[in-house]
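**Student:** Pasting the sequence and the predicted model now:
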Amino acid sequence: MNTRTESLVTVPGPKTDSGYIGHSVPRPNARRLLQGRGAYVDDLRLPRLAHVVFFRSPHAHARIKRLDFTRARTLPGVIAVVDGHDVAKFCKPWVAVLGHLKGIKSAPQYAIAIERACCQGEAVAAVVAESRAQAEDAIDHIEAEWEDLPAVVDMADALAGNYVIHSDLGDNICFSRELDTGGVDAAFANADVVVEETLEFDRHTGVTLEGRSLLADYNAAEHALTVYHSTQAPHMMQDIISRHLDIPEANVRVIAKDVGGSFGIKVHVYPDEMATAALSVMLRRPVKFVADRLESFLTDIHAREHKVRIRLACTKAGEILAFDLDDLTGIGPYSVYPRTSGIEGNQVVNLTGGPYKHQRYRARLNVVFTNKNVTCQYRAVGHPIAVAITESIVDLAAGKLGMDPAEFRRRNLIPDDAYPYTSASGMKFEKLSHQQALDKLLALMDYDKLRAEQTELRRKGIYRGIGLAAMIEVTNPSPAFYGVGGARISSQDGATLRLEPTGMVTCMVSVTEQGQGTEGICAQIAATAVGVGIDKVRIVTGDTGTTPYGGGTWASRGAGIGGEAVLQSGKVLRAHILDVAAAILQASGEMLDVRENNVVDVRTGEVKLSLAELGRVAYFRPDTLPMNFQSELMVTRHYTPHGYGFAFTNGFQASLVEVDTDTGFVRLLKHWCVEDCGTIINPLLVDEQIRGGVVQGIGGALFEHCVYSPEGQLLNGNMAEYLVPMAGEMPDIIIGHIVTPTQTSELGAKGAGEAGTAGAPGAVMNAINDALKPLNARVTAQPVTPERVLRALGKV
Amino acid sequence: MEQSVETTMVVNGGTVTRRIPARQHLIDFLREDLGLTGSHAGCEHGACGACTVRVDGKIVRGCLMLAVQADGKRIDTIEGLSDSGEIAELQQAFHQRNALQCGFCTPGMLVAAQDLVADHPDATREQIREHLSGNYCRCTGYHAIVDAIETVLNTRRGKGHA
């Protein structure tokens, strides 16, 4: 264990223990969800609420020749039928570029498309009605005339640029990047072993169980808009709605109550959501949009879609000399606002080869526009690709050398004593623990025993495979992620803590909750920092009207950044409480401490004053305190990650599978993950984040695929045909930890939410290829469907 | 014009009579007309299980049944099952084991789990997984949910915790 020596929480007086930090405390806010008493956007009811439904393009690329709303407008309950021009008067278009992604370009995107649709599902009109059913009825009576335009569906065609989707941009390239350390060609020329492989990753999507949803409530008298939004980033949305709808920032309040899953799906600007906000202003009444499941498949951001050529050079002794990468990724017709669709490919370049100590690296990236739905940041952004390609080619090299894959990795991992360390791609690592993680993983899974069992079973014609995947992961991003590029996205978060007169603590924090347990860990930290029981703490998140300004929850940042803000705020509140106590007791504050809801004598622990009594005096009888004394029992502190661009974490995953070589079916027998996310605030929550992430990664590796026809039509946009992991097929998942706290914060927590998804696809694909190895077969495309396994085996 | 049918059902123990549009699904009736928003519409085509409710004691997809088909039937939703205490043990186990994250699938998951706990007290871990195979959870990876249900079954079987 790499724990720090000093106490986690330092307060006036002697050190306290770590309180609730490190304990598996059940989440207080889970109770309402367990009783069906949460409040998701679609659960809210407002007077005069209207419902919007969108008329979407059935074509991948087509000019709108004519839209006729005559009949639709006459139907019962219809309040308005609008097109892109109508909505553009209330909502300005956007172009999603970032200054630090040099050369990135995109075209203006409107809330409702004007003149042409650039992918199937793009909204070109909207109906607002008194009920959703009435709006849906009216949609059927919109008449549209289209002129088909050429659809660029294939990434290679897009890159070739024979037809340019946005002619003003000159070509179909959204973003390109090249990275070269130098010496790569020489390394390959002098290598004993060179391996090369081309891997493909199909599109998949988030499938949050709660669809995207937004309820906008415009108050014309105040020119104010309250937006109830299923979002991860309320302040980012406040800024964007303010600027694009031309409403002063302070007049826009974004409230995220319960959010039914996000995973990056709900951190982007969606045209239909902006249109809903604009319609509320236009119609001067509340308007609600909830994406149904078919709309979700068509219009929630998709993710991945990469074709990657990867090469590795190494010596006979198994020393990796260099990686060489060429990644092509297709993002749909627009870069997604405001984070852009260039980040995922950029991450693939940054992270490929990341766990290893080679010094030579070259990468080329092309991010191209296509006439399919947009892609953007989804859980683990780029990591699943980078890990899968790195770990696949590493296995290939180990196999060529006849070396055990675990041993080959051990020889190449950046040693645990090499930090701080800068990777070949230029990433700066504060301190990672690859070697400890590998040792722990192999022990946890009983690697040698599994290998022996595998050999045994092969003699019986049972093909089991063991796959390993090392990973690094970007967490706690600093302004280097978005802010430096000009995006108005906060990398800083804040927490306000208030001691209530009864001795309870209210904590308003700018990171948000979508099920990760943000509110739970903030309660643990607040209770620990102030010195009260967790039952005395109330957490408020997801409201730009009440919380400090901040980024929200994404990129594995909630605990590491928001948690630190709560800790710092809590420590100051504790000091202020002691100031009041000292005034009441006429004692020195240094002789007092706060423990278990009481002010106590620091040496004896004797209770001097309850916080309830302290609150009563401070709020209702301040006249009894010294004349010049003013209590301050509400405190705000912020935290910005500093020192490193990201708090990198590391981990190791392993998968055990059995492949049925007759049907191509892959049975997942077990999965292991050892993760180092620094200080663990709540082991229960961390483990469940990792398990959920692993299963989401498995989904992409084995099942999930947004299948498009050559014409750009999504063929399986529903839950009957788009397969997601269900309980029956999933394995038990064993979790282990190494703890290397970051020294950049007092809490020491790094992110954990994306680790599972980052590593699982690589581990599972390696396991399948390990099973197929004796049959000289190899799969190189995800999802690894039974058909792809049988093709690899030459059986179909 | 939309055709409506007078329908009477017992929802969470109380009798409800309404004129219900013939095309309205049970889930929408419960949510929109009765304000019972604990049951969720996840996919509206019977694949995800978020709208699972109990009709005359059997678990049913609220999105695959028309509300008028509930005439004369007894409906139990997450709200009623919570207030009656019937699923308290499962709720407690889910809470302790963190067998939920965003909570959107949870009401349906609990109703499905209660069906298993009541009818299959000897269910194995594999049978629990099989029984839940119609209920989609994107957050947990299912492991914790299986653990929580197994804990309840084990406690009832007198075997202590899993």
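**Tutor:** Okay, I see it. Just so you know, these numbers come straight off a predicted model, no measurement behind them. Numbers count the residues shown, from 1 in each chain, chains lettered A, B, ... in the order given.
**Student:** so where's the chain uncertain?
**Tutor:** Since no chain was named, I'll use chain A. Counting by pLDDT under 70, chain A shows low-confidence ranges at A:1-18.
**Student:** that's the other chain; I wanted chain B
**Tutor:** Judged by pLDDT under 70, the stretches of chain B that qualify are B:1, B:159-162.
**Student:** Tell me how many other residues crowd the residue in it positioned nearest to chain A.
**Tutor:** Closest contact between chain B and chain A, by CB to the nearest CB, is at B:G38 (2.0 Å). (C-beta placed from N, C-alpha, C; glycine too.) In terms of burial, B:G38 registers 28 neighbours under the definition other CB atoms under 10 Å in any protein chain shown.
**Student:** With the one 10 residues further on instead?
**Tutor:** Residue neighbour count, defined by other CB under 10 Å, stands at 28 for B:C48.
**Student:** what helix or strand does it sit in?
**Tutor:** Under DSSP states H and E, no helix or strand contains B:C48.
**Student:** got the phi/psi numbers for it?
**Tutor:** phi -100, psi -20 (degrees, to the nearest 10).
**Student:** And the one 10 residues further on, by the same measure?
**Tutor:** Note on B:K58: its backbone torsions stand at phi -110, psi 140 [degrees, to the nearest 10].
**Student:** okay, now the domains of the chain?
**Tutor:** Since you didn't name a chain, this refers to chain A. A:30-38+A:492-639, A:41-149+A:208-299, A:302-479+A:643-792 (automatic domain parsing).
**Student:** Can you look at chain B instead?
**Tutor:** Taken from automatic domain parsing, chain B resolves into B:4-77, B:87-156.
**Student:** of all of the stretch 201-350 of chain A, which residue lies closest to chain B?
**Tutor:** Counting by CB to the nearest CB, the stretch 201-350 of chain A gets nearest to chain B through A:G260 (3.3 Å).
**Student:** if I look at that residue, how far off is A:N718?
**Tutor:** A:G260 sits 18 Å away from A:N718, going by CB to CB, to the nearest Å.
**Student:** Of those two, give the one with the bigger neighbour count.
**Tutor:** Remark: of A:G260 and A:N718, A:G260 carries more neighbours, 30 against 15, as counted by other CB under 10 Å.
**Student:** wait, isn't that one in contact with A:S230?
**Tutor:** Yes: if you go by CB atoms under 8 Å, A:G260 and A:S230 touch, sitting 6.7 Å apart.
**Student:** Could you name every residue contacting both of the two?
**Tutor:** Residues within reach of A:G260 and of A:S230 at once, by CB atoms under 8 Å, 6 or more residues apart in numbering or on different chains, are A:Y40, A:E210.
**Student:** Look at the residue of chain B closest to chain A and give its secondary structure.
**Tutor:** coil (DSSP: H, G, I helix; E, B strand; the rest coil).
**Student:** Which residue, neighbours along the chain excluded, lies closest to it?
**Tutor:** Once flanking residues are discounted, B:G38 sits nearest to A:G36: 2.0 Å by CB to CB, 6 or more residues apart in numbering or on different chains.
**Student:** Run through the helices of the stretch 51-200 of chain A in chain order.
**Tutor:** Counting by DSSP state H, counting those that start in this stretch, one finds helices in the stretch 51-200 of chain A at the ranges A:70-73, A:84-88, A:132-139, A:155-160, A:184-190.
**Student:** CSV please, covering these and showing distance to B:A93 and mean neighbour count.
**Tutor:** What follows is these, written out as CSV (distance: least, CB to CB, whole Å; neighbours: other CB atoms under 10 Å in any protein chain shown):
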stretch, distance to B:A93, mean neighbour count
helix A:70-73, 50, 15
helix A:84-88, 48, 19
helix A:132-139, 36, 20
helix A:155-160, 47, 18
helix A:184-190, 55, 16
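**Student:** Out of these, the one nearest chain B is which?
**Tutor:** The closest of these to chain B is helix A:132-139. By CB to the nearest CB, the value is 7.7 Å.
**Student:** Does chain A have contacts with whatever helix or strand B:E150 lives in?
**Tutor:** Element membership for B:E150, per DSSP H and E: helix B:143-156. Yes: counting by CB under 8 Å from any CB of the partner chain, contacts between helix B:143-156 and chain A involve B:H143, B:A144, B:I145, B:V146.
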